[in-house]
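**Q** Fold the following and give me the result.
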Amino acid sequence: MNEKGAVLPSVMIFVLLMSVALLGTNQIFKNQMNQLRMTKHYYEVESMLILSKMELNSQLDLNKNLEKGTVLFTDGTVTIQKKGDNTFNLEGKLKNIFSKQLTVQLEKKSTESIENTDE
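**A** Numbering: from 1, shown residues only. Have a look, this model is predicted:
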């Protein structure tokens with residue numbers, strides 16, 4: 001085989017392999033960035049739900065007949081709806097349509113333990 005004629009196919013194969021490697025690396029980078037974004041949204045919603053649960057506990061001490069409510073955050077909202085006696089459904093939603101639901105069962109605080117601590 002002629003050496004001068006073998007250079008062009010070798011260069012073309014090398015360029016093809018490099019293109020495949022670069023495109024593959026680019027796709028892996030895009031997938032990793034998307035996964036990072038989804039993880040960030042998940043933790044934001046999870047934090048909003050935990051803070052809303054704490055707020056719900058404090059509001060239930062003040063108002064025993066709480067049926068529904070909304071907690072507003074800078075990145076989204078959490079909607080609270082009563083499902084049962086002490087069961088509440090919390091739905092956290094970010095502004096970019098990422099959402100998560102959480103059902104919480106809150107414990108009743110007995111008035112006897114509160115009265116005993118005052119004595």
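
**Q** Need the three-state assignment for the spatially most central residue of the chain.
**A** Nearest to the geometric centre of the chain sits Tyr42, at 1.3 Å (Cα atoms, centre = their mean). Here Tyr42 is recorded as helix under DSSP: H, G, I helix; E, B strand; the rest coil.

**Q** Would you mind measuring from it to Thr74?
**A** According to Cβ to Cβ, to the nearest Å, Tyr42 stands 17 Å off from Thr74. Where you see a C-beta, it was placed from the backbone N, CA and C, and this is true even at glycine.

**Q** burial of the residue nearest to Lys100 when sequence neighbours are not counted, as a residue count?
**A** Take Lys100 and drop its neighbours on the chain: the residue closest to it by Cβ to Cβ, 6 or more residues apart in numbering is Val45, 4.6 Å away. If you count neighbours by other Cβ atoms under 10 Å, Val45 ends up with 23.

**Q** so what's Val45 up against?
**A** 76, 92-94, 98-100 (Cβ atoms under 8 Å, 6 or more residues apart in numbering).

**Q** Make sure I have this right: Asn96 is in a helix.
**A** No - judged by three-state DSSP, Asn96 forms no part of a helix; its state is coil.

**Q** So it is in contact with His41, correct?
**A** Yes - Asn96 is within contact range of His41, at 7.1 Å (criterion: Cβ atoms under 8 Å).
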